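[1] Sequence first, predicted coordinates after that:
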Amino acid sequence: MRWSPTLCTYSILMYCCCRAGRPDLVVAFFGRLLRLGLRLDVISLNNLLKGLCQAKRSNEALDLLLHRMPELHCAPDVFSYNIVINGCLKEGEVDKACNLFHEMPQLGVQPDVVTYTSIMDALSKSGAMDKAEVLLRQMVDQGIEPNIRTYSCLIHGYSTFGQWKEALRVFKEMATLGVVPDVVTLSSLIDSLCKHRRTKEAREIFDSMAAKGLKPNIVSYSTMLNGYVKEGSFEDMTDLFNSMVRNGIVPNHHIFNIQINAYAKRGLMDEAMHMFEVMRQQGVNPNVVDYLVVMNSLCKMGRMDAALDKFNQMVNQGVSPNKAVYQCLVLGSCSHGHFVKAKELISEAVNRGLCSNSVFFYPVINDLCKEGKVEGKVKEAQDMFDFIVGIGHRPDVIMYTSLMDGYCLVGKVEEALRVLDAMKSAGLQPDAFTYGILINGYCKIGRIDEGLSLVREISLSGVKPTTIMYNIILDGLFCSGRTVPAKEKFHKMNESAIPVGVGTYNIVLSGLCKNNCTDEAIELFKKLRAVNVKINVITLTTMISAMFSQKNGSTLALHLLSSFCHLILFAQLNI
């Protein structure tokens with residue numbers, strides 16, 4: 001007697017294919033089921049819905065749910081809707097899922113805890129916490145009890161968007177109703193509290209885990225450790241780490257990295273090195289990031305020998321140095337005058353293929369030019385620049401501009417112009433920022449006319465002057481007492497439709513006040529207030545000082561002082 005598969009057989013096969021992640025086979029078995037003419041039921045169709053949703057064919061699943069199932073006389077149940085709603089959500093179709101959720105009661109199917117929780121989770125992830133809360137209240141009113149996942153999605157949503165007070169409120173509500181949170185939920189809440197420097201409350205929740213029969217996992221510990229690091233509570237951090245080890249939780253790479261990084265950034269290198277060795281003794285091999293953290297701190301402290309020892313240890317341990325490691329050591333060597341070693345490291349990095357563009361070299365030149373703003377360092381920057389060119393690297397506009405800025409900072413504009421000529425000879429076109437550096441260089445040494453000539457020159461070459469360029473020229477003219485040309489430039493700037501921001505207005509207002517044109521400054525300020533131009537603390541400080549110096553100006557000055565206090569308070573509240 002030949003055995004024939006039944007509807008139940010195919011339903012089981014389709015279910016197994018769903019579990020195995022083979023939606024293609026689900027559809028294939030359903031097709032065979034149809035060809036055999038077997039009568040369909042809601043279970044087999046739900047399995048097909050799962051298969052379609054797994055294959056990211058939620059539109060087809062929706063059509064099957066709303067049209068085909070009724071035509072086949074198989075009324076969808078709440079499981080059918082839950083499958084399709086989750087399918088839509090996984091494909092990012094939140095609106096479609098919400099619409100289907102709202103249609104359910106009209107179609108005679110009442111949402112259950114899974115339906116509500118799925119929609120609330122999606123709303124929470126998108127930051128629509130008010131809508132998620134409305135659904136929670138609606139759910140309770142319908143007599144459906146929220147479960148741990150329902151509350152967890154709310155707590156996670158509030159935590160993600162920085163609303164730790166709301167997250168704590170939901171947690172307390174959850175506890176009042178006797179819903180026991182899991183470790184994941186508690187870790188999410190602890191993380192939110194720690195990010196807002198509420199480690200005391202976070203620790204209370206952490207310690208309450210044991211009372212609830214829960215064992216903190218490695219994520220819980222790492223979250224709490226990070227919280228202590230942010231507050232600078234190193235003693236608490238150490239105590240928690242020791243407690244973790246006593247409780248049989250084996251520290252992983254991330255746990256060690258938190259502590260090494262914390263000690264290194266605080267300059268506690270002995271402690272960082274000790275933790276580094278403990279890490280190795282525990283059989284956790286440091287990676288390139290761990291070595292970099294330690295080397296970077298050693299370089300900043302001027303302990304270059306120790307940094308290079310760590311570098312050699314890393315290489316000997318088989319950990320390949322990356323671009324960031326070489327850049328750290330090169331910058332450290334240059335900063336502390338070890339230029340020969342810096343060049344050796346650059347050559348080594350080039351041979352390893354880690355210096356393919358100017359991203360590696362730019363910080364080296366830039367740091368030397370900015371460091372101390374002294375001529376000696378700029379000469380070293382030029383020497384390093386020439387070395388980089390000598391090993392075959394072609395500097396870009398940013399590197400040339402950085403070197404020019406270094407010369408301008410020490411008043412060597414002619415040298416900066418020489419670099420500009422070299423840049424043009426290399427086939428590179430200077431940009432607005434490059435010219436801005438030169439204009440600033442001229443103005444800083446009082447050669448305003450040459451700065452103005454350069455502005456005219458670049459305008460003729462097709463480079464449009466920027467707000468920053470005008471700000472530099474305006475500041476230079478006002479500082480040299482040339483108020484009339486400064487006002488003309490400001491007028492031209494407005495006519496040229498070049499954006500004028502609060503920085504420009506501050507330069508003009510301050511310049512007018514310093515050059516005994518306080519009445520004009522006050523008139524301009526009144527115009528700005530009349531059209532609601534955004535101002536800042538510098539604007540108010542300048543004008544308060546100017547008005548107090550004017551006859552009968554104290555009343556307006558006091559009014560501005562009130563605005564000043566309001567602005568300061570607002571800034572503090574939004575820190």
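    Right, received. Where do you want to start? Numbers count the residues shown, from 1 in each chain.
[2] Would you map the helices across the stretch 401-550 of the chain?
    Across the stretch 401-550 of the chain, reading from the start of the chain, the helices by DSSP state H, counting those that start in this stretch fall at 413-425, 432-444, 448-460, 467-479, 483-495, 502-514, 518-530, 537-548.
[3] export these to CSV and tack on mean pLDDT?
    Below are those laid out as CSV (pLDDT from 0 to 100):
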stretch, mean pLDDT
helix 413-425, 93
helix 432-444, 89
helix 448-460, 86
helix 467-479, 89
helix 483-495, 89
helix 502-514, 89
helix 518-530, 83
helix 537-548, 76
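[4] can you put those helices in JSON lines and add mean neighbour count and distance to Phe79?
    No exception for glycine: its C-beta is placed from N, CA and C like everyone else's. Putting the helices of the stretch 401-550 of the chain into JSON lines (neighbours: other Cβ atoms under 10 Å; distance: least, Cβ to Cβ, whole Å) gives the following:
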{"stretch": "helix 413-425", "mean neighbour count": "17", "distance to Phe79": "69"}
{"stretch": "helix 432-444", "mean neighbour count": "22", "distance to Phe79": "62"}
{"stretch": "helix 448-460", "mean neighbour count": "16", "distance to Phe79": "70"}
{"stretch": "helix 467-479", "mean neighbour count": "22", "distance to Phe79": "61"}
{"stretch": "helix 483-495", "mean neighbour count": "16", "distance to Phe79": "67"}
{"stretch": "helix 502-514", "mean neighbour count": "21", "distance to Phe79": "59"}
{"stretch": "helix 518-530", "mean neighbour count": "15", "distance to Phe79": "64"}
{"stretch": "helix 537-548", "mean neighbour count": "19", "distance to Phe79": "61"}
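[5] could I get the ones you listed as TSV with distance to Gln313?
    Below are the helices of the stretch 401-550 of the chain laid out as TSV (distance: least, Cβ to Cβ, whole Å):
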stretch	distance to Gln313
helix 413-425	40
helix 432-444	41
helix 448-460	52
helix 467-479	46
helix 483-495	58
helix 502-514	49
helix 518-530	61
helix 537-548	50
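[6] who wins for proximity to Arg266 among these?
    Arg266 lies closest, by Cβ to Cβ, to one member of the helices of the stretch 401-550 of the chain: helix 537-548, at 31.7 Å.
[7] Which strands or helices does that closest one pack on?
    Contact analysis of helix 537-548 by 3 or more Cβ pairs under 8 Å, 6 or more residues apart in numbering; DSSP states H and E lists helix 502-514, helix 518-530, helix 554-573 as its packing neighbours.
[8] about what we covered before: quick one: closest of the helices of the stretch 401-550 of the chain to Arg280.
    Closest approach to Arg280 among those is made by helix 432-444 (46.2 Å; Cβ to Cβ).
[9] ok and the closest one relative to helix 448-460, angle-wise?
    Between helix 432-444 and helix 448-460, the angle comes out at 160 degrees (axes from the mean of the first three to the mean of the last three Cα atoms, to 10 degrees).
[10] So for helix 432-444, could I get the coordinates as PDB, restricted to C-alpha?
    As requested, the backbone C-alpha atoms of helix 432-444 are provided in PDB (Å, rounded to 0.1, in the frame of the first residue of the first chain):
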ATOM      1  CA  ALA A 432      40.100  79.600  -0.900                       C
ATOM      2  CA  PHE A 433      41.400  78.200   2.400                       C
ATOM      3  CA  THR A 434      45.000  78.500   1.000                       C
ATOM      4  CA  TYR A 435      44.500  82.100   0.100                       C
ATOM      5  CA  GLY A 436      42.900  82.800   3.400                       C
ATOM      6  CA  ILE A 437      46.000  81.600   5.200                       C
ATOM      7  CA  LEU A 438      48.200  84.000   3.100                       C
ATOM      8  CA  ILE A 439      45.800  87.000   3.600                       C
ATOM      9  CA  ASN A 440      45.800  86.300   7.400                       C
ATOM     10  CA  GLY A 441      49.600  86.200   7.300                       C
ATOM     11  CA  TYR A 442      49.800  89.600   5.700                       C
ATOM     12  CA  CYS A 443      47.300  91.100   8.100                       C
ATOM     13  CA  LYS A 444      49.000  89.700  11.200                       C
END
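[11] Got phi/psi on Gly481?
    Summarising the backbone geometry of Gly481 under the convention degrees, to the nearest 10, its torsions are phi 80, psi 10.
[12] Gln163 now?
    For Gln163, the backbone dihedrals are phi -100, psi 70 (criterion: degrees, to the nearest 10).
[13] For it, which non-adjacent residue is spatially closest?
    Closest residue in space to Gln163, ignoring its immediate chain neighbours: Met129 at 7.0 Å, by Cβ to Cβ, 6 or more residues apart in numbering.
[14] The one you found contacts Phe161, correct?
    Yes - using Cβ atoms under 8 Å as the test, Met129 is close enough to Phe161 to be in contact (7.0 Å).
[15] And these two? Which one has more around it.
    The residue with more neighbours, out of Met129 and Phe161 and counting by other Cβ atoms under 10 Å, is Met129; that gives 20 against 16.
[16] For the more buried one, give me the pLDDT.
    Listed pLDDT for Met129 reads 91.
[17] list the contacts for it?
    By Cβ atoms under 8 Å, 6 or more residues apart in numbering, Met129 lies in contact with 123, 154, 157-158, 161, 163, 166.
[18] could you measure it against Gly318, distance?
    For Met129, the distance to Gly318 (Cβ to Cβ, to the nearest Å) stands at 48 Å.
[19] same thing with Glu145?
    With distances defined as Cβ to Cβ, the gap from Glu145 to Gly318 amounts to 56 Å.
[20] okay, the two: which has more neighbours?
    More crowded of Glu145 and Gly318, by other Cβ under 10 Å: Glu145, with 10 against 7.
[21] Ile218: neighbour count?
    15.
[22] That one contacts His253, doesn't it?
    No - counting by Cβ under 8 Å, Ile218 sits too far from His253 to count as a contact (10.5 Å).
[23] Which neighbours do those two have in common?
    Between them, Ile218 and His253 share no contacting residue, judged by Cβ under 8 Å, 6+ apart.
[24] what sits against the residue lying closest to Ile535 once chain neighbours are set aside?
    Ranked by Cβ to Cβ, 6+ apart and with sequence neighbours excluded, the top spatial neighbour of Ile535 is Val502, at 5.9 Å. Taking Cβ under 8 Å, 6+ apart as the definition of contact, the neighbours of Val502 are 533-536, 538-539.
[25] what do you get if the cut-off is 10 Å, keeping everything else the same?
    528, 533-536, 538-539 (Cβ atoms under 10 Å, 6 or more residues apart in numbering).
[26] next one: Leu420
    With contacts defined as Cβ under 10 Å, 6+ apart, the neighbours of Leu420 are 400-401, 403-404, 407, 428, 430, 434-435, 437-438.
[27] Looking at these, which one is closest to Val140?
    For Val140, the nearest member of the contacts of Leu420 is Thr401. The distance, counting by Cβ to Cβ, is 63.0 Å.
[28] I'd say that closest one and Gly441 touch.
    No - using Cβ atoms under 10 Å, Thr401 and Gly441 do not qualify as a contacting pair, with a distance of 11.6 Å.
[29] surely Ile190 meets Val219?
    Yes - the criterion here is Cβ under 10 Å, and Ile190 meets it with Val219 at 9.3 Å.
[30] For burial, what's the neighbour tally of Phe361?
    Residues contacting Phe361 under the criterion other Cβ under 10 Å number 24.
[31] One more: His338?
    By other Cβ under 10 Å, 18 other residues sit near His338.
[32] Report the contact partners of the residue nearest to it when sequence neighbours are not counted.
    Once flanking residues are discounted, His338 sits nearest to Met304: 6.1 Å by Cβ to Cβ, 6+ apart. Taking Cβ under 10 Å, 6+ apart as the criterion, Met304 is in contact with 295, 298, 329, 332-333, 335-338, 341.
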